[in-house]
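Colleague: Here is my input; please provide its structure:
(one chain, ligands or ions: 1)
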Amino acid sequence: MDIKKRFHNIREFLKGHQGFWYEEILNDYPHTLDNYPDKWIEDLNLLSFEDLWKIDAKIDFSPLEGELKTLILKINSLSIIPQVEGANENLPHKALLGMNQKKVHEVSRLAPYIGKLQKIHRFSQGFDIGGGKGHLARTLAHYFALPTICLDPDLDLIKAGQKLLKKISTPENAKEISFINKSLGTHIYNPDIVADENELKLDNETLAIGLHTCGPLSLRLMERAKNLINIGCCYLKLNPESEINISKTSKEDPLTFSKYSLALASRGHGGISFIDFMNKWKVKSFRYSLHLLLYEKLGIKKFITVEGYPLKKYGEDFSEYALTKLSELNIKHSFDAADLNNFHQEWNPLVKKMFLANIIRWQFGRLLEVYILLDRAIYLQENGFSVEINEIFNESISPRNIAILALNN
Ligand SMILES: C[S@@+](CC[C@H](N)C(=O)[O-])C[C@H]1O[C@@H](n2cnc3c(N)ncnc32)[C@H](O)[C@@H]1O
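Modeller: Next up, the predicted model:
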């Protein structure tokens with residue numbers, strides 16, 4: 001894949017469609033809805049919830065037609081990232097002890113991939129930054145000939161990892177695994193835990209690894225490492241002013257992100273079940289109705305954040321939800337349960353329209369993530385690395401599944 005060419009194409013496309021992805025549907029209501037052509041919403045409104053789910057979950061776009069279909073297929077084609085090669089191997093059962101299903105999948109894909117790199121590059125050390133309990137570090141040291149250090153500021157995770165290590169028998173020819181209870185760069189909860197230069201040997205012989213390094217931790221890794229493999233996550237923790245558009249190429253004509261667009265990039269973009277989709281409809285229909293009630297009946301025009309609400313309570317009437325939220329927000333009113341349920345029913349067509357608009361907006365999430373990651377890949381190229389970017393995990397098991405490999409030439 002030509003990384004720069006793809007990046008330019010995505011940037012132009014996203015610029016031309018910023019009205020869809022920049023704001024949440026609620027933030028700038030009713031103006032946000034103006035971006036969605038009536039015809040698209042009408043077409044979606046004719047579809048069953050099952051068809052809508054298939055579109056939302058990216059399972060089947062055949063119910064769509066016309067311009068909307070063209071738009072969504074374009075988003076999908078721009079979002080395609082090649083699959084990594086050499087990332088599949090069945091690890092022995094004991095290697096996977098203590099891991100949940102997601103971690104088993106991730107380690108079974110990532111460790112053999114790093115093992116293949118190790119056969120070629122013979123790194124003297126692996127350094128797993130934010131390595132948690134050290135599942136990946138242990139697997140690399142035990143089965144892929146890479147002595148690995150697991151660095152994490154969370155002492156409980158390190159202790160759990162050390163305890164597990166004692167329980168698991170070490171295979172013959174295993175390399176060393178060790179733990180360091182420190183952070184890379186300042187840690188938000190514990191500023192005294194920063195690893196110093198002697199502890200952080202990220203030199204030419206070392207492969208730095210960051211599996212799901214949240215927000216800016218990926219950037220700290222890229223600034224320091226000479227060889228790295230990184231799978232980022234939690235883009236909503238990034239500062240949209242300074243931690244997006246990090247390459248010189250992007251700075252020539254940067255795409256502006258809001259915190260809502262970063263949140264959209266951070267979502268799981270595929271794999272939702274029909275039940276979860278219908279739950280999403282229930283949650284959004286209550287949330288949107290409440291917003292409309294505040295806006296249209298109580299004259300509260302600005303977006304207000306509300307607390308969470310237990311999923312099982314969405315099976316009750318809207319009035320239960322609305323009365324709870326109005327009370328939590330200390331908003332005086334004279335509505336009774338019947339008024340609120342009637343409002344919910346009366347405004348349902350607009351609520352559905354907002355839900356349908358959100359299905360269109362949702363389609364942009366993966367492409368925003370790809371923009372952020374290609375920018376990182378170009379930043380690394382500009383700093384002299386040879387770079388590959390590949391999908392490594394199954395998106396429905398581990399949604400943050402794009403790995404950047406950057407090696408010092
Ligand atoms: C999303 S978890 C990923 C854990 C592990 N790599 C995995 O995939 O299971 C992010 C980890 O980064 C650690 N972390 C947070 N800030 C850090 C920092 N500044 N330096 C190193 N690790 C950090 C957290 O304690 C946490 O274990």
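Colleague: tell me which parts of the stretch 51-200 of the chain are close to the ligand?
Modeller: With C-beta under 6 Å from any ligand atom as the criterion, the stretch 51-200 of the chain meets the ligand at residues 129-132, 151-154, 157, 183-185, 187. Yep, even glycine has a C-beta here, placed from its N, CA and C like the rest.
Colleague: Kindly reformat those residues as TSV containing neighbour count.
Modeller: Shown next, in TSV, are these (neighbours: other C-beta atoms under 10 Å):
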residue	neighbour count
Ile129	27
Gly130	22
Gly131	27
Gly132	18
Leu151	23
Asp152	25
Pro153	19
Asp154	17
Leu157	18
Ser183	24
Leu184	25
Gly185	15
His187	17
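Colleague: now the helices for the stretch 101-250 of the chain?
Modeller: 101-121, 135-143, 155-167, 217-224, 248-251 (DSSP state H, counting those that start in this stretch).
Colleague: before we move on, the earlier item: let me know the closest of the residues of the stretch 51-200 of the chain next to the ligand to the ligand.
Modeller: The closest of these to the ligand turns out to be Gly130 (C-beta to the nearest ligand atom; 2.7 Å).
Colleague: and the residues of the stretch 51-200 of the chain next to the ligand, which of them are in strands?
Modeller: Judged by DSSP state E, strands contain the following of those: 129, 151.
Colleague: can I get the helices of the stretch 101-250 of the chain in TSV with distance to Cys233 and mean pLDDT?
Modeller: Shown next, in TSV, are those (distance: least, C-beta to C-beta, whole Å; pLDDT from 0 to 100):
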stretch	distance to Cys233	mean pLDDT
helix 101-121	12	96
helix 135-143	15	97
helix 155-167	16	95
helix 217-224	8	95
helix 248-251	20	97
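Colleague: Kindly state which of those is positioned closest to Trp40.
Modeller: Between Trp40 and those, the shortest gap by C-beta to C-beta is with helix 248-251, which sits at 29.9 Å.
Colleague: Using CSV, list the CA coordinates for the helix or strand just after that closest one.
Modeller: Downstream of helix 248-251, the first helix or strand assigned by DSSP states H and E is helix 259-265. The C-alpha coordinates for helix 259-265 follow below in CSV (Å, rounded to 0.1, in the frame of the first residue of the first chain):
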residue,chain,number,x,y,z
LYS,A,259,-13.4,15.4,20.8
TYR,A,260,-16.5,13.8,19.3
SER,A,261,-14.7,12.8,16.1
LEU,A,262,-12.0,11.3,18.2
ALA,A,263,-14.6,9.4,20.2
LEU,A,264,-16.1,8.1,17.0
ALA,A,265,-12.6,6.9,15.8
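Colleague: residues in contact with helix 259-265?
Modeller: With C-beta atoms under 8 Å, 6 or more residues apart in numbering as the test, helix 259-265 has contacts from 21-24, 27, 235-236, 238, 240, 244, 361-362, 364-365, 368-369, 371-372.
Colleague: buried set for that helix?
Modeller: Burial within helix 259-265, assessed by neighbour count using 16 or more other C-beta atoms under 10 Å, is assigned to 260-262, 264-265.
Colleague: for stretch 24-41, same thing?
Modeller: Under the neighbour-count rule (16+ other C-beta under 10 Å), stretch 24-41 has 24-26, 29, 32, 35-36, 40-41 buried.
Colleague: just stretch 327-337 next, same as before
Modeller: Under the neighbour-count criterion of 16+ other C-beta under 10 Å, stretch 327-337 has Phe335 buried.
Colleague: can you list the domain ranges for the protein.
Modeller: Domain segmentation of the chain under automatic domain parsing yields 3-75+267-362, 93-241+365-408.
Colleague: start to end distance for the last one?
Modeller: Just to be clear, that refers to domain 93-241+365-408. One end of domain 93-241+365-408 sits 35 Å from the other (C-alpha to C-alpha, to the nearest Å).
Colleague: and it, how far out from the chain's middle?
Modeller: Distance, stretch centre to chain centre, for domain 93-241+365-408: 16 Å (C-alpha atoms, centre = their mean, to the nearest Å).
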